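Chemist: Below is the structure, and that's it, no one-letter string:
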């Protein structure tokens, strides 16, 4: 893939969210599209084109944890809010990560709240690429309710991964609407296939993935290269 090859040639190990999503989309994994705005004027134009409300995030090859540097603004419902958020993100990122190369901000549609999941891949020294699945948000950090399988996965593997976490009843509609399990299985299988074919990829993090009654997609994503 051109993005992976270009990043490797530039000596970068971490892809930006926009790059990561483009790579995953090419691999057949549904993502919430994010577009780059290099100026405040471009951010406003994209917000108008995409439709409010929108989310703005800092885009920098030197900043991995965007929220930690004040680089994320959500639920922007007016053009004035977009303009203010753009300026605040650029200023905060520059102050908290001096010397960081800031490409601009990403603009994406504010997605309706779904069931938050995490789907990822990491490389084990002994077993190679391993796929992880679990509930996202605070659940993954506090409960650590996740499952693992070694790449390559079968459809049965993906199905078992989803059903063996303790939080599976939430996906089945406990106190809410059931989500599209088949769509989640598809994402896991596509990620397994991608990891199997791309040895230069060390880590993939899709967190959160929003799951709904009829679909699922990655809201945020990060790819780390060897």
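Modeler: Perfect, I can see it now. Given the structure is predicted, the values throughout are model-derived calculations rather than measurements. Residues are numbered from 1 along each chain as shown.
Chemist: check contacts around the residue nearest to residue 137 when sequence neighbours are not counted.
Modeler: Counting by CB to CB, 6 or more residues apart in numbering, the nearest residue to residue 137 once its immediate chain neighbours are dropped is residue 116, at 4.1 Å. Bear in mind the C-beta positions are built from the backbone N, C-alpha and C, glycine included. Contacts for residue 116 (CB atoms under 8 Å, 6 or more residues apart in numbering) come out as 135, 136, 137, 139, 208, 209, 210.
Chemist: Give the bridge partners for residue 116, please.
Modeler: Counting by DSSP bridges, residue 116 is bridged to residue 210.
Chemist: what about the strands in the protein?
Modeler: Counting by DSSP state E, the segments of the chain that form strands are 35-37, 54-59, 72-76, 104-109, 115-124, 128-135, 146-150, 201-211, 216-218, 221-225.
Chemist: Would you mind giving those strands as CSV with mean pLDDT and distance to residue 6 added?
Modeler: Conversion of the strands of the chain to CSV gives the following (pLDDT from 0 to 100; distance: least, CB to CB, whole Å):
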stretch, mean pLDDT, distance to residue 6
strand 35-37, 98, 15
strand 54-59, 98, 15
strand 72-76, 97, 25
strand 104-109, 98, 18
strand 115-124, 96, 21
strand 128-135, 96, 22
strand 146-150, 96, 30
strand 201-211, 96, 14
strand 216-218, 98, 21
strand 221-225, 96, 11
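Chemist: which regions of this protein lie under the pLDDT threshold?
Modeler: Applying pLDDT under 70 to the chain picks out residues 1, 138-139, 141-142.
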